[in-house]
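Q: Model the structure of this input:
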Amino acid sequence: MFGSIFAVAALLLGATCAAECGAQPVQLVDPNLRFANVTLESPFQNFTVLQTSFRYPPDCGETSYRGSGRMKGMRTLTTGGDSGMGRAIVIAYLREGARVAINYPPSEEEEDAPVLSDFLTQEGLSIESSRYPHDPLLGPTAVAPRHSS
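A: Next up, the predicted model:
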């Protein structure tokens, strides 16, 4: 009940202040029409994007995420855990206390995994000793099918 009274009071105060101050009313713009004439083109990207290739690396939680031990005693296997969202998940899980193993395609993502491992070593964390540089369903020598873009 008090919430609605305060809301009405705020509206009345705002209306009287706007009238007294001579403020112009705000004109609303439909966001669907605001950029209707802008054409954006995405640059060509290969299917595999390396974390180390970004001009401006994304924030995967290296400096912003603090864990609190919510996953102590748990184990995880993260596919694609060397870069992008997988990297953010690996960092979060480790900071929450989980033991983490990652899976990544060795021929495509081999550069990012050591960079992640070095970062985690500096943090006093580590990836499970057995990283899986292959698809466990296809076997160590099998090559996973590539997606066409």
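Q: got the residue ranges for the strands in the chain?
A: Per DSSP state E, the chain carries strands over the ranges 75-79, 99-103.
Q: Quick one: the ones you listed as TSV, columns for mean neighbour count and mean pLDDT too.
A: C-beta coordinates here come from the backbone N, C-alpha and C atoms, glycine included. TSV is the format used below for those (neighbours: other CB atoms under 10 Å; pLDDT from 0 to 100):
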stretch	mean neighbour count	mean pLDDT
strand 75-79	15	87
strand 99-103	20	85
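Q: Relative to residue 113, which of the ones you listed is closest?
A: strand 99-103 (6.9 Å; CB to CB).
Q: With distance to residue 88 added, can I get the strands of the chain in JSON lines?
A: Supplementary listing: the strands of the chain in JSON lines, determined by distance: least, CB to CB, whole Å:
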{"stretch": "strand 75-79", "distance to residue 88": "10"}
{"stretch": "strand 99-103", "distance to residue 88": "12"}
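Q: can you give me the helices for the protein?
A: In order along the chain, the chain carries the following helices (DSSP state H): 2-21, 31-34, 84-95, 106-109, 112-123.
Q: Going by mean pLDDT, which of the ones you listed comes out lowest?
A: Note on the helices of the chain: lowest mean pLDDT is at helix 2-21, with a mean of 61.
Q: Tell me how many other residues crowd residue 61.
A: As a burial measure, the neighbour count of residue 61 was computed by other CB atoms under 10 Å and equals 17.
Q: Just give the closest residue to it, not the sequence neighbours.
A: residue 91 (4.6 Å; CB to CB, 6 or more residues apart in numbering).
Q: Could you report the neighbour count for the one you found?
A: Residue crowding around residue 91 was assessed by other CB under 10 Å; the count is 23.
Q: Start the count at 58 instead of 1 going forward.
A: New numbering, starting at 58: the last item is residue 148.
Q: Could you verify my assumption that it touches residue 120?
A: No. Using CB atoms under 8 Å, residue 148 is not in contact with residue 120, being 10.3 Å away.
Q: Quick check: which of the strands of the chain is nearest to residue 109?
A: strand 156-160 (15.6 Å).
Q: Dump that closest one to PDB, restricted to CA.
A: As requested, C-alpha coordinates have been extracted for strand 156-160 and formatted as PDB (Å, rounded to 0.1, in the frame of the first residue of the first chain):
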ATOM      1  CA  ARG A 156      38.100 -30.200 -10.100                       C
ATOM      2  CA  VAL A 157      38.000 -29.500 -13.800                       C
ATOM      3  CA  ALA A 158      39.100 -31.400 -17.000                       C
ATOM      4  CA  ILE A 159      38.800 -29.800 -20.400                       C
ATOM      5  CA  ASN A 160      38.200 -31.200 -23.800                       C
END
